[in-house]
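> Here is a sequence together with a model predicted from it:
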Amino acid sequence: MHIAVAGNIGSGKTTLTGLLAKHYGWEAHYENADNNPYLDDFYSDMQHWSFNLQIYFLNERFGQIQEIRNSGLTVIQDRTIYEDANIFAANLHSMGLMSMRDYSTYRSLFDKMTSFIQPLDLLIYLRASVPTLVRQIQKRGRAYESGIRLDYLSKLNERYENWINRYALGKLLVADVDTLHFDEAPEDLRTVINRIDALLHGLF
């Protein structure tokens with residue numbers, strides 16, 4: 001099976017991915033943001049580097065999906081290829097940070113890539129308010145994230161909600177990170193696990 005955790009920057013995707021991988025014995029595939037050669041440049045000049053960054057993410061994510069399907073294992077993935085196109089690239093274009101020419105090229109490449117992949121068996125979406133995102137971003141203290149603008153996070157949140165409201169590719173679980181502190185409260189993690197069991201195995 002291929003399970004993925006989706007959510008805005010700072011929503012807790014990596015944390016939940018690790019916790020669920022440990023609980024179920026799944027293999028975890030993480031977004032390797034620390035080794036991304038474009039992130040520092042992007043956050044200092046979004047308009048200049050937006051296309052480069054999104055092409056890099058698209059290529060990395062497509063490669064991950066190929067590895068996951070070829071492995072024959074149950075894998076939980078930190079972030080999805082669908083977010084790259086429906087959230088981040090679309091938002092950069094709407095904010096005037098990616099030209100129509102670059103966005104059209106990106107979307108064409110995304111559409112071709114996704115025609116070759118199977119839908120997720122389960123998507124877990126972490127919903128979080130902007131104050132929660134800011135608090136968690138500050139807590140982890142990544143230097144390249146220090147310049148993220150509040151309006152940027154807010155616009156991403158709007159796009160996430162629109163995408164999730166239309167999501168119809170497979171099973172979906174929505175977890176509210178403002179109230180579920182699965183990294184600190186075992187009972188909150190158990191709540192998420194119980195809901196996953198119900199969706200994947202029909203256990204109530």
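Okay, I see it.
> neighbours around residue 118, how many?
12 (other CB atoms under 10 Å). C-beta here means a position set from N, CA and C on the backbone, and glycine is covered the same way.
> again with the one 4 residues further on
Residue 122 has 17 neighbouring residues, counting by other CB under 10 Å.
> Point out where this protein drops to low pLDDT.
By pLDDT under 70, the low-scoring segments of the chain are 33-34, 141, 143-144, 146-147, 203-204.
> one more time with 90
Applying pLDDT under 90 to the chain flags residues 30-36, 39-40, 42-44, 46, 64, 69, 135-152, 183, 201-204.
> what about the strands in it?
Secondary structure of the chain, counting by DSSP state E: strands at 2-7, 27-29, 75-78, 122-127, 171-176.
> tell me the most buried of these?
Of all the strands of the chain, strand 2-7 has the most neighbours on average by mean count of other CB atoms under 10 Å, namely a mean of 26.
> report the angle between the axes of it and strand 122-127?
Using axes from the mean of the first three to the mean of the last three CA atoms, to 10 degrees, the direction of strand 2-7 lies 10 degrees away from that of strand 122-127.
> CSV for the strands of the chain, including distance to residue 97?
Compiled in CSV, the strands of the chain are given as follows (distance: least, CB to CB, whole Å):
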stretch, distance to residue 97
strand 2-7, 21
strand 27-29, 28
strand 75-78, 24
strand 122-127, 24
strand 171-176, 28
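> Among the ones you listed, which comes closest to residue 54?
Nearest to residue 54, of all the strands of the chain, is strand 2-7, at 16.4 Å by CB to CB.
> strands paired with that closest one, and their directions?
strand 75-78 (parallel), strand 122-127 (parallel) (DSSP bridges).
> Make a markdown table out of those strands and add distance to residue 35.
Below are the strands paired with strand 2-7 laid out as a markdown table (distance: least, CB to CB, whole Å):
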| stretch | distance to residue 35 |
| --- | --- |
| strand 75-78 | 14 |
| strand 122-127 | 23 |
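> of the ones you listed, which approaches residue 199 most closely?
Per CB to CB, nearest to residue 199 of these: strand 122-127, 6.0 Å.
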